[in-house]
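**Q** output the structure for:
(4 chains)
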Number of protein chains: 2
Amino acid sequence: MIDPEGPVPLYQQLAAILRERIRDGELRVDRPIPSILSLQQEFGLARGTVMHAVEVLRQDGLVYTVRGKGTFVARR
Amino acid sequence: MIDPEGPVPLYQQLAAILRERIRDGELRVDRPIPSILSLQQEFGLARGTVMHAVEVLRQDGLVYTVRGKGTFVARR
DNA sequence: GCCCATTTGTACGTATGTATG
DNA sequence: GCATACATACGTACAAATGGG
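**A** Numbers count the residues shown, from 1 in each chain, chains lettered A, B, ... in the order given. Next up, the predicted model:
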């Protein structure tokens, strides 16, 4: 999971975990990834930290976000 | 009323106000408390902040919510 | 059954303040 | 000073349930 003691920033650790889940097909194209709130609860992180991780994935083109609906795995 | 400058979070201040109104019988059992929108307007708060306050009361067992209808004072 | 207003629920975007290293 | 992280707060948008006409 996530190691709060380690040297890697938490938002980067979370981004890496989500990247894996996408690569492994656990999160599928055009299907939503878990919401900010549920990720927040699942990993015990603050909202801003989760947002930060999702922003990273968005900049990587791995996901796209529809406001008011959710964040989805991008086709590529 | 509510003190935006004070150290107490706004949602906690609002929760305290509603708790008083219930305790004082101003809001009665099985009668609805004001809607999110009207509380929002009455206190000049954002929707999320009001929702947060109501969640607190719900967890305290002071109110129960029926989606699409409203939030009501619990019997106890 | 259908539209519409009201109300709650969920979700994202952004901003600010505080604390830590 | 800066990056990271948390908590709070505002604003907006979409979804679901209720009830009236």
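**Q** span of stretch A:21-35 from start to end?
**A** 14 Å (C-alpha to C-alpha, to the nearest Å).
**Q** can that stretch be found next to DNA strand D?
**A** No. Stretch A:21-35 is not in contact with DNA strand D by C-beta under 7 Å from any atom of the strand; minimum separation 11.2 Å. For the C-beta atoms, the positions are set from N, CA and C on the backbone; glycine is no exception.
**Q** and that stretch, how far out from the chain middle?
**A** Here stretch A:21-35 is found 9 Å from its chain centre; the criterion is C-alpha atoms, centre = their mean, to the nearest Å.
**Q** what sits up against it?
**A** For stretch A:21-35, contacts defined as C-beta atoms under 8 Å, 6 or more residues apart in numbering or on different chains pick out A:18, A:20, A:39, A:42, A:54, A:57, A:62-63, A:69-75.
**Q** with stretch A:62-76 instead?
**A** By C-beta under 8 Å, 6+ apart, the list of residues contacting stretch A:62-76 reads A:18-19, A:22, A:27-33, A:35, A:54, A:57-58, A:61.
**Q** tell me the buried residues in it?
**A** In terms of neighbour count (16 or more other C-beta atoms under 10 Å in any protein chain shown), stretch A:62-76 has its buried residues at A:62-63, A:71-73.
**Q** just those residues now: which is nearest DNA strand C?
**A** residue A:71 (4.3 Å; C-beta to the nearest atom of the strand).
**Q** pLDDT of the helix or strand containing the closest one, averaged?
**A** Assessed by DSSP states H and E, residue A:71 sits inside strand A:70-73. Taken as a whole, strand A:70-73 has a mean pLDDT of 87.
**Q** does DNA strand C sit close to that strand?
**A** Yes. Against DNA strand C, strand A:70-73 shows contacts by C-beta under 7 Å from any atom of the strand at A:70-71.
**Q** who is the closest residue to residue A:54 other than its chain neighbours paired with across the strands?
**A** Leaving aside its sequence neighbours, residue A:54 sits nearest to residue A:71 (C-beta to C-beta, 6 or more residues apart in numbering or on different chains; 5.8 Å). Residue A:71 has the following beta-bridge partners by DSSP bridges: residue A:65.
**Q** for DNA strand D, see how far away residue A:71 is.
**A** 13 Å (C-beta to the nearest atom of the strand, to the nearest Å).
**Q** put the alpha carbons of the host helix or strand of residue A:42 into CSV.
**A** Using DSSP H and E, residue A:42 maps to helix A:36-43. What follows is helix A:36-43, C-alpha atoms only, in CSV (Å, rounded to 0.1, in the frame of the first residue of the first chain):
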residue,chain,number,x,y,z
ILE,A,36,-11.6,11.4,-4.5
LEU,A,37,-13.6,10.7,-1.3
SER,A,38,-13.3,6.9,-1.6
LEU,A,39,-9.6,7.1,-2.3
GLN,A,40,-9.3,9.5,0.6
GLN,A,41,-10.9,6.9,2.8
GLU,A,42,-9.2,3.9,1.3
PHE,A,43,-5.7,5.3,1.8
